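In: From the sequence below, what's the structure:
(one chain, ligands or ions: 2)
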Amino acid sequence: MSTLAESYLVGLIGDGVTPSLTPPMHEAEADAHGIRYLYRPIDLAAIGRPGSDVGTLLSSARELGFNAFNITHPCKQLVLMHLDSVSVDAERLGAVNTVLIRDGRFHGENTDFSGFAHALRTGLPGVALDRVVQLGAGGAGAAVAYALLASGVRHLTLIDLDAERTRERAAALAALFPDRAVVAASPDDIGHELAAADGLVHATPVGMHQHPGMPVDARLLSPRHWVADVVYRPVETELVRAAVALGCRVLDGGHMAVGQAVDAFRLITGVEPDAGRMRHHFLDLLAKGL
Ligand SMILES: NC(=O)C1=CN([C@@H]2O[C@H](COP(=O)(O)OP(=O)(O)OC[C@H]3O[C@@H](n4cnc5c(N)ncnc54)[C@H](O)[C@@H]3O)[C@@H](O)[C@H]2O)C=CC1
Ligand SMILES: O=C1C[C@@](O)(C(=O)O)C[C@@H](O)[C@@H]1O
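Out: Ligands and ions are numbered 1, 2, ... in the order given. Got it, this is the predicted structure:
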């Protein structure tokens, strides 16, 4: 028999999370440390529950002895009202993807932002952060933009097909980082914006297996740009391939996917995970078509 103190029972709550690679990433890392750790996807689509049930699910899970959760679409904002405490960054960002259950209380964190910030620091060390163009201002884009500003980006241009969403996101981020410039631009302005930028961050679904293609004309990129993608199925997107071919410094989307898991594993267990081993395992799972 194992108790709360001797083992970990963790879940991922979200829509369509059954194929997620986060549960096997955590479990394999725990195995390597000799930690008893079970991590189950709790797929809202499969159990026929709406995102608004996240609070009820968390309360039941607390009674059933769960230690922690990752939370994803559509619950990253919905979960906030059910938490007893939230980290400063998750509160500012208005999104939680990790919930720790300690002494019967729910504490929220955001490892999407911290995972991307870590990936940027370690995967693209020393890159210029004066001006960055970010394509995509949705869920992943919000965490990435926050991470860019928290990492020192001085001028961030957000571009998204949804002009209203872009304007709202830019205004919210500008209020959080008053000493930086955060501006919304139209997709037509991307050439002009990239001409003055140090880096491009891509956070739209373009380039995924289901949405193949290039999110930006490769002729607008030059070797002095660094390029970060968040798409990781496939890990080598058309954008990543084109940027590598041009000689740009490149961060693939797998770094953020692994980064959020590394930070969540550390928060849940208090044990320092081996980030390199977790990335190897993640790439193995992708290579197996999982
Ligand atoms: N590496 C990681 O850990 C993660 C990666 N992702 C990736 O990020 C992608 C985006 O996910 P979410 O932000 O959750 O989706 P979302 O639907 O919340 O946001 C996507 C945004 O992209 C915009 N968009 C779509 N096509 C565009 C185009 N051609 N040009 C400009 N804007 C465009 C949409 O208007 C929308 O605002 C996913 O497809 C997934 O591949 C998502 C979560 C985590
Ligand atoms: O959004 C995501 C992606 C994720 O849901 C996954 O399936 O890997 C895991 C979450 O922790 C993270 O915030």
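
In: only C-alpha atoms for contact and neighbour calcs from this point on.
Out: Will do.

In: Enumerate the residues of the chain near ligand 2.
Out: 17, 20, 21, 22, 70, 71, 72, 97, 112 (Cα under 6 Å from any ligand atom).

In: Tell me which of the residues you listed fall in strands.
Out: 70, 71 (DSSP state E).

In: Name the member of the residues of the chain next to ligand 2 with the most neighbours.
Out: residue 112 (30 neighbours; other Cα atoms under 10 Å).

In: which residues of the chain fall in strands?
Out: With DSSP E as the criterion, the chain has strands at 8-14, 37-43, 68-71, 85-86, 98-102, 105-109, 131-135, 155-159, 181-185, 199-202, 226-229, 249-251.

In: Write out the residues of the chain neighbouring ligand 1.
Out: 135-141, 160-162, 203-205, 208, 215, 230-232, 253-254, 256-257.

In: contacting residues for residue 243?
Out: Residues in contact with residue 243, defined by Cα atoms under 8 Å, 6 or more residues apart in numbering, are 218, 221, 223, 227, 249, 250.

In: Next up, phi/psi of the third one, please.
Out: Comment: the main-chain dihedrals of residue 223 come out as phi -60, psi -20, following degrees, to the nearest 10.

In: Can you report how many residues lie near it?
Out: Other residues near residue 223 come to 13 when the count uses other Cα under 10 Å.

In: Once you drop chain neighbours, what's closest to it?
Out: For residue 223, ignoring the flanking residues on the chain, the nearest one in space by Cα to Cα, 6 or more residues apart in numbering is residue 248 at 4.5 Å.

In: Other residues contacting stretch 67-83?
Out: Under the criterion Cα under 8 Å, 6+ apart, residues 4, 8-15, 51-52, 54-55, 86, 94-102, 105-108, 264, 268 lie in contact with stretch 67-83.

In: Enumerate the positions of stretch 65-84 that are buried.
Out: Residues of stretch 65-84 classed as buried under the neighbour-count rule (16 or more other Cα atoms under 10 Å) are 66-80, 82-83.

In: Give me the buried subset of the contacts of residue 243.
Out: If you count burial by 16+ other Cα under 10 Å, the buried members of the contacts of residue 243 come out as 221, 227, 249, 250.
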